[in-house]
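**Student:** prediction below, plus the sequence it came from.
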Amino acid sequence: ISSVLPTDYVQKAGLIKLVIMIRDSNVPIIWVLGGPGCGKGTQCAKIVAKYNFSHFSTGDLLRDEVASGSDKGKELQEMMKKGLLVSNETVLKLLEAAMTKALGGTVGYLIDGYPREPAQGPEFEKFIAPVDIILYFECSNETLVARIMKRASESATVRADDNEETLKTRIATFRENTEKILVQYPTQLRRINAERAPEEIFAEVEKSIDELLAKKGKKA
């Protein structure tokens, strides 16, 4: 039947179904925020390994689209080279597709690197589901730059957004937007010192997630 319906109708119906399923499932939703190089990718990997959460990095989703060679991917590549933000509509569509694929087989959602600007959080909560907690990994600018430059020098593949000029733009944009985002969610926010060793950081992460799972009546 869907094949004869307008595309926009089918897409909207699919989104409504997704929202209902996510909200009814009581599956935890965690936003993971932090500057480039803060180590949130490492922490997300640890969370996935221990808790069987589904991890969606908006950065990876965008880079996958670029790698596909599509017209949208080429457009995104130019924006990423300049350190600019892509539209929220594009990001939400990518997240929607990823979350839909994971439905029924996940304990929780880790949304990594989203929201990136103040208006995106409320839009996510309106069109998908409310966030339960926000893990914010705090690092100084000096630490962020040092970590990214080290990663770039050791990598066999050079990412388009890992040059020093673009990095400075990314950090400046991140700083400008982040506090405006976090101030909207005082009760969900968990500030975590990410200047420490990964194991020390994860111990604090575990505490936050264990408390969340207990609150939602789920086993760790």
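**Tutor:** On my side now, so go ahead. Numbering: from 1, shown residues only.

**Student:** how about the helices in this protein?
**Tutor:** 7-25, 40-51, 58-67, 71-81, 88-102, 120-127, 141-154, 164-182, 198-215 (DSSP state H).

**Student:** now those helices as a markdown table including distance to Leu33?
**Tutor:** (Each C-beta comes from the backbone N, C-alpha and C, glycine too.) Shown next, in a markdown table, are those (distance: least, C-beta to C-beta, whole Å):
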| stretch | distance to Leu33 |
| --- | --- |
| helix 7-25 | 20 |
| helix 40-51 | 7 |
| helix 58-67 | 11 |
| helix 71-81 | 19 |
| helix 88-102 | 14 |
| helix 120-127 | 10 |
| helix 141-154 | 13 |
| helix 164-182 | 7 |
| helix 198-215 | 13 |
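
**Student:** select, out of the ones you listed, the one closest to Trp31.
**Tutor:** helix 120-127 (7.7 Å; C-beta to C-beta).

**Student:** circling back: present the helices of the chain as JSON lines; the columns should include mean pLDDT, mean neighbour count and distance to Arg190.
**Tutor:** Shown next, in JSON lines, are those (pLDDT from 0 to 100; neighbours: other C-beta atoms under 10 Å; distance: least, C-beta to C-beta, whole Å):
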{"stretch": "helix 7-25", "mean pLDDT": "64", "mean neighbour count": "13", "distance to Arg190": "21"}
{"stretch": "helix 40-51", "mean pLDDT": "96", "mean neighbour count": "18", "distance to Arg190": "12"}
{"stretch": "helix 58-67", "mean pLDDT": "88", "mean neighbour count": "17", "distance to Arg190": "19"}
{"stretch": "helix 71-81", "mean pLDDT": "88", "mean neighbour count": "15", "distance to Arg190": "28"}
{"stretch": "helix 88-102", "mean pLDDT": "84", "mean neighbour count": "17", "distance to Arg190": "21"}
{"stretch": "helix 120-127", "mean pLDDT": "90", "mean neighbour count": "16", "distance to Arg190": "15"}
{"stretch": "helix 141-154", "mean pLDDT": "85", "mean neighbour count": "14", "distance to Arg190": "19"}
{"stretch": "helix 164-182", "mean pLDDT": "87", "mean neighbour count": "15", "distance to Arg190": "10"}
{"stretch": "helix 198-215", "mean pLDDT": "97", "mean neighbour count": "16", "distance to Arg190": "5"}
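
**Student:** please consider this matter closed, and thank you.
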